[in-house]
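S.K.: What follows is a predicted protein model with its sequence.
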Amino acid sequence: GGGGGGAESGGRGRRGGQKRQLGVDRTGVFVAQTLTHGRADDARVGVDLIDGIEDDMASFTADAAYDTLAIYDASAARNAIVVVPPSRSATQSRQRRSPSSARDSTVMRVQEIGRCQWKKESGYHQQARVENTFFRYKSIIGDRLRARHPKSQEAEALIACNILNRMTELDRPESFAIGA
């Protein structure tokens, strides 16, 4: 399905310092994943995750490590709103192009109403769903890769995401409001 998503990183294994980078939609389904070296720039990897998502994307939600113009550019190309808190030292861009103006709007809004209120207003709380999904990955699959070869590690991570997506699909409760 479409909808928004988020990015999360973590899960360094002992083999080669690999780090899992995951893209998750609003329902908690993995929509993108990759393995990177432990020192890889999260925002650059985030652009690759955005580019690798086949379905429609309404938004991109992530933490301040993803506050870059490259993320805004990649998201704008997908007509997706960026919900990333600006870094605490963020200032407005001197450029007058559309991705930087979207980021500038966020920077100005955070300065205007404060970071906490911006998070409520923007729906940033969706990031918690991404973090919960990654916690589920680490709890069920584990925190390290077992395969030794890089191609096998990639396959292991992809299989793990597919298994968790299937488990999510099978165990999704039906929720509905009761009462007035």
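M.R.: Yep, that arrived. Numbers count the residues shown, from 1 in each chain.
S.K.: Strands of this protein, start to end?
M.R.: 5-10, 18-25, 30-37, 59-61, 81-83 (DSSP state E).
S.K.: For N165, find the nearest of those.
M.R.: Between N165 and these, the shortest separation by C-beta to C-beta is 5.6 Å, and it involves strand 30-37. C-beta: built from backbone N, CA, C; applies to glycine.
S.K.: now that closest one against strand 18-25, angle please.
M.R.: 160 degrees (axes from the mean of the first three to the mean of the last three C-alpha atoms, to 10 degrees).
S.K.: Could you tell me how far stretch 62-71 lies from the centre of the chain?
M.R.: 10 Å (C-alpha atoms, centre = their mean, to the nearest Å).
S.K.: Check which residues of it are buried.
M.R.: A62, D63, Y66, D67, T68, L69, I71 (16 or more other C-beta atoms under 10 Å).
S.K.: Include distance to P85 and pLDDT when you put the residues you listed into JSON lines, please.
M.R.: Shown next, in JSON lines, are those (distance: C-beta to C-beta, whole Å; pLDDT from 0 to 100):
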{"residue": "A62", "distance to P85": "9", "pLDDT": "88"}
{"residue": "D63", "distance to P85": "7", "pLDDT": "87"}
{"residue": "Y66", "distance to P85": "9", "pLDDT": "91"}
{"residue": "D67", "distance to P85": "7", "pLDDT": "91"}
{"residue": "T68", "distance to P85": "13", "pLDDT": "90"}
{"residue": "L69", "distance to P85": "15", "pLDDT": "89"}
{"residue": "I71", "distance to P85": "12", "pLDDT": "93"}
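S.K.: of all these, which two lie farthest apart?
M.R.: Between any two of the buried residues of stretch 62-71 (C-beta to C-beta), the greatest distance is 16.7 Å, for D63 and L69.
S.K.: Need the strands of the chain in TSV (columns: mean neighbour count, distance to L164 and mean pLDDT).
M.R.: Shown next, in TSV, are those (neighbours: other C-beta atoms under 10 Å; distance: least, C-beta to C-beta, whole Å; pLDDT from 0 to 100):
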stretch	mean neighbour count	distance to L164	mean pLDDT
strand 5-10	24	13	57
strand 18-25	24	10	83
strand 30-37	19	6	86
strand 59-61	24	19	90
strand 81-83	21	23	92
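S.K.: and the end-to-end length of stretch 118-138?
M.R.: Using C-alpha to C-alpha, to the nearest Å, the end-to-end distance of stretch 118-138 comes to 30 Å.
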